[in-house]
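Asks: Here's a sequence, model it:
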Amino acid sequence: MKRNICFLCFVILLLTSLPAENLRIKIEGPESSYNQMRITNNTKHSNFDCKVYLLKEEKGKFIIKETLGIFHLKESNDTDSCKMSINKNNYIGITIPEQLGEVSYSISYKDLPFFDIVEITLTDSVIDEYGENPEGKEF
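Replies: All right, here's what the predicted structure looks like:
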């Protein structure tokens, strides 16, 4: 019985982790290191998890070095944060469930007295009706 329950839990965990979109972000802020990350959900979706990984570059490929944290975003405009250590010029990877479709992000950096924070805001891919190349289109 315990084996069946463990197997079922493993299958569910595997199925929820397979369909995911990946974002790769280079940390380029003014500080040499950061000790907290915040992710804000500005998409129309709710109740999903994002996993954040520290990546290392080897021979032109990015390999997961370690898991930095799991962020649970409950609703639109929800924010989750996690303490972690990230150095400037490092790459992080974020997995986002495929059900969200294409997601874009913006990144900002905050310098507070005890925290140097990397803030990532997730938004639905379409920001406006003009797309990525608005030049020459009627306004």
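
Asks: In terms of pLDDT, where does Gly60 sit?
Replies: Looking at Gly60, its pLDDT stands at 86.

Asks: Identify the neighbouring strands of the longest strand seen in the chain in the sheet and state each direction.
Replies: The strand spanning the most residues in the chain, taking DSSP state E as the definition, is strand 61-73. If you go by DSSP bridges, strand 61-73 pairs up with strand 48-58 (antiparallel).

Asks: How far does the partner strand sit from its chain's centre?
Replies: Mean-position distance between strand 48-58 and its chain equals 8 Å (Cα atoms, centre = their mean, to the nearest Å).

Asks: Give the buried residues for that strand.
Replies: Phe48, Cys50, Lys51, Val52, Tyr53, Leu54, Leu55 (16 or more other Cβ atoms under 10 Å). In this view, the C-beta of every residue, glycine as well, is placed from N, C-alpha and C.

Asks: any idea of the mean pLDDT in the helix or strand hosting Tyr34?
Replies: Using DSSP states H and E, Tyr34 sits within strand 33-42. If you average the pLDDT over strand 33-42, you get 94.

Asks: Equivalent analysis for stretch 112-123, please.
Replies: Summarised as a single mean, pLDDT over stretch 112-123 is 92.
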